[in-house]
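Enquirer: Kindly generate the corresponding structure for this input.
(one chain, ligands or ions: 1)
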Amino acid sequence: MADFEEEMVVTPWKVAGKIDYEKLIKQFGVEPLTDELLRRLEKFTGRLHLQLRRKIFFSHRDLDWILTLYERGEKFVLYTGRGPSGPVHIGHIVPWIFTKHLQEAFDAKLYFQMTDDEKFLIHDDFTLQKAVSLTYDNALDVVAVGFNPEKTRIISDVRHIESLYHLALRVSRHITYSTIKAVFGIGESDNIGLSFFPAVQAAPAFLESVLAGKPVPCLIPAAIDQDPYWRVTRDVAPKIGFYKPAQIHSRFLPGLGKGGKMSASQPETCIFLTDPPEVAEKKVMNAFTGGRPTAEEQRKLGGLPEICPVHQYLFFLFEEDDEKMRRLWEDCKGGRILCWECKEILAAKVKKFLAEHQRKRSKAEKTVKKYFLSKAITPFKA
Ligand code: TRP
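Expert: Below is the predicted model of the structure:
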């Protein structure tokens with residue numbers, strides 16, 4: 001588990017240390033989501049979504065530009081994705097829930113990429129079959145989030161490469177090996193598949209343009225660790241006749257242990273969407289908190305909600321009410337509430353959420369096929 005003392009590392013393949021989001025904004029050269037921009041968004045979305053009010057989505061590129069086009073009647077397409085390396089956990093669906101909100105607010109089409117190829121290339125012990133079957137398993141969670149079936153297309157890179165390859169080729173011709181080495185830290189002993197892969201992840205940003213036969217703006221909601229992909233994609237886009245895709249970036253949901261983002265490699269600190277609700281409840285009740293060693297000390301000194309994952313879970317997802325959230329923070333600080341009480345509040349909400357999600361997930365088994373790309377998108381006539 002990443003410790004708070006460890007140095008901050010944020011790449012598409014590794015996130016560690018205490019994350020300083022202000023610093024990331026500077027390092028990555030992205031723009032903070034200003035209050036002014038949020039007010040502009042609010043005109044289209046109605047009351048700001050929890051994830052915007054609380055700055056869980058905190059930075060962007062060209063969001064202002066995409067809104068200007070929208071105001072002039074030019075609609076954009078959404079693009080997000082998932083690397084299917086195991087079961088989906090609660091941290092993964094935070095940006096999906098927000099993407100669904102955007103889909104509804106802007107009546108937008110969504111491409112959802114499953115990078116089973118990427119996971120096959122990264123994990124030495126993965127067969128292709130395993131990667132693809134995880135795509136289909138994880139797609140059930142995507143569908144359960146409630147995307148519009150008419151306007152959502154899930155893409156398995158391995159199964160649907162015909163739609164992406166022509167774009168990936170055009171992109172790849174404009175990216176040198178030295179760029180890939182510098183941006184992704186790929187080394188001499190990494191397999192060659194990984195150096196081509198960023199062109200595959202770029203491709204869905206341009207799919208709608210191919211379909212429409214003219215450039216269509218694209219907005220990518222994603223966690224900030226995916227930013228290196230968009231940097232190279234944006235460099236190439238105008239060279240091949242497309243708009244640069246815009247992005248809106250989210251923070252990471254921490255794990256239930258001390259420090260670090262939620263990670264499937266730490267199953268005891270990670271709530272999977274397929275966890276039986278009672279198992280999830282136990283994980284919550286065993287979570288690390290910002291509490292003091294004894295109740296007496298906590299009453300006297302107050303707790304530390306700023307380092308508490310239980311508090312963060314309520315903040316990211318489970319406590320919709322801003323006023324209640326504020327009171328919890330102050331009651332914790334003031335020593336008026338103890339950790340077991342917050343854990344019980346969270347556990348009840350997590351149990352309810354999982355029961356509901358799992359009901360939708362099993363219904364999705366019947367409908368999931370409809371969401372996958374069924375007809376290849378290519379520029380070829382014959
Ligand atoms: N590379 C991402 C991952 O490992 C998956 C992904 C593909 C993605 N396309 C995306 C994520 C677009 C966000 C937006 O999780």
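Enquirer: contacting residues around the one helix or strand Ser59 maps to?
Expert: For Ser59, the element it lies in under DSSP states H and E is strand 57-61. With contacts defined as C-beta atoms under 8 Å, 6 or more residues apart in numbering, strand 57-61 is touched by 21, 24-25, 28, 30-33, 37, 51, 95, 98, 221, 224, 230, 234, 244, 246-251. Quick note: C-beta positions are derived from backbone N, CA and C, even for glycine.
Enquirer: Now with 6 Å, please.
Expert: Residues from elsewhere that reach strand 57-61 (C-beta atoms under 6 Å, 6 or more residues apart in numbering): 21, 25, 30-33, 51, 246-250.
Enquirer: Report the buried members of those residues.
Expert: Neighbour-count burial (16 or more other C-beta atoms under 10 Å) applied to the contacts of strand 57-61 gives 25, 30, 33, 51, 246-250.
Enquirer: In this structure, where is pLDDT below threshold?
Expert: Applying pLDDT under 70 to the chain picks out residues 1-5, 259-262, 382.
Enquirer: coming back round to it: identify the farthest-apart pair in the contacts of strand 57-61.
Expert: Tyr21 and Ala246 (19.0 Å; C-beta to C-beta).
Enquirer: On the three-state scheme, Phe316 is what?
Expert: Secondary structure assignment for Phe316 (DSSP: H, G, I helix; E, B strand; the rest coil): helix.
Enquirer: So the nearest residue to it once chain neighbours are set aside versus Gln247, what's the distance?
Expert: Closest residue in space to Phe316, ignoring its immediate chain neighbours: Leu253 at 5.2 Å, by C-beta to C-beta, 6 or more residues apart in numbering. According to C-beta to C-beta, to the nearest Å, Leu253 and Gln247 sit 19 Å apart.
Enquirer: Look at the residue in the stretch 251-382 of the chain that the ligand sits nearest to and tell me its secondary structure.
Expert: For the stretch 251-382 of the chain, the residue closest to the ligand is Ala264, as judged by C-beta to the nearest ligand atom, at 11.4 Å. Following three-state DSSP, Ala264 is assigned to coil.
Enquirer: what's it in contact with, if anything?
Expert: With C-beta under 6 Å, 6+ apart, Ala264 has these contacts: 86, 270.
Enquirer: Quickly note the distance from it to Pro87.
Expert: Counting by C-beta to C-beta, the gap from Ala264 to Pro87 is 7 Å.
Enquirer: what's the answer for Phe76, then?
Expert: 31 Å.
Enquirer: same question, Ile19
Expert: Counting by C-beta to C-beta, the gap from Ile19 to Pro87 is 24 Å.
Enquirer: Repeat that for Gly146.
Expert: On the measure of C-beta to C-beta, Gly146 and Pro87 end up 19 Å apart.
Enquirer: Just put the buried ones among the contacts of strand 57-61 in TSV and tack on distance to the ligand and secondary structure.
Expert: As requested, the buried ones among the contacts of strand 57-61 are exported to TSV (distance: C-beta to the nearest ligand atom, whole Å; DSSP: H, G, I helix; E, B strand; the rest coil):
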residue	distance to the ligand	secondary structure
Ile25	18	helix
Val30	15	coil
Leu33	17	coil
Gln51	15	helix
Ala246	12	strand
Gln247	9	strand
Ile248	11	strand
His249	10	strand
Ser250	10	strand
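Enquirer: Output the set of residues of the stretch 101-250 of the chain in proximity to the ligand.
Expert: Contact residues, the stretch 101-250 of the chain versus the ligand (C-beta under 6 Å from any ligand atom): 113, 115, 118, 201, 220, 222, 226.
Enquirer: how about the nearest residue to the first one, chain neighbours excluded?
Expert: By that I understand Gln113. Nearest one to Gln113, counting by C-beta to C-beta, 6+ apart, is Gly81 at 3.5 Å.
Enquirer: pretty sure the one you found contacts Tyr111?
Expert: No - contact criterion C-beta atoms under 6 Å: Gly81 and Tyr111 do not qualify, at 8.1 Å.
Enquirer: Please identify every residue contacting each of the two.
Expert: By C-beta under 6 Å, 6+ apart, no residue touches both Gly81 and Tyr111.
Enquirer: Buried ones in stretch 25-42, by neighbour count?
Expert: Buried residues in stretch 25-42 (16+ other C-beta under 10 Å): 25, 28, 30, 33, 37-38, 41.
Enquirer: And stretch 136-152, what's buried?
Expert: 136-147, 152.
Enquirer: which of those residues lies closest to the ligand?
Expert: Asn138 (10.2 Å).
Enquirer: What residues does the residue nearest to the closest one when sequence neighbours are not counted make contact with?
Expert: Leaving aside its sequence neighbours, Asn138 sits nearest to Pro84 (C-beta to C-beta, 6+ apart; 4.6 Å). Shown in contact with Pro84 (C-beta under 6 Å, 6+ apart): 114, 116, 119, 134-135, 138.
Enquirer: My guess is Phe242 contacts Glu208. True?
Expert: No - using C-beta under 6 Å, Phe242 is not in contact with Glu208; the gap is 9.8 Å.
Enquirer: Tell me the residue of the stretch 101-250 of the chain that sits nearest the ligand?
Expert: Taking C-beta to the nearest ligand atom, the stretch 101-250 of the chain has Ala222 as its residue nearest the ligand, at 3.4 Å.
Enquirer: what about that residue, is that helix, strand or coil?
Expert: strand.
Enquirer: now the one 10 residues further on
Expert: The assignment at Val232 comes out as helix when based on three-state DSSP.
Enquirer: again with the one 10 residues further on
Expert: For Phe242, the assignment made with three-state DSSP gives coil.
Enquirer: do the same with Arg359
Expert: Recorded secondary structure, Arg359: helix (three-state DSSP).
Enquirer: Could you pull out the strands in the stretch 51-200 of the chain for me?
Expert: Using DSSP state E, counting those that start in this stretch, the strands of the stretch 51-200 of the chain run over 57-61, 77-82, 110-114, 152-156.
Enquirer: any idea how this structure splits into domains?
Expert: Listed by automatic domain parsing, the domain ranges of the chain are 9-255, 267-364.
Enquirer: Pull the most distant pair out of the contacts of Pro84.
Expert: Greatest spatial distance among the contacts of Pro84 (C-beta to C-beta): Lys119 and Asn138, at 10.4 Å.
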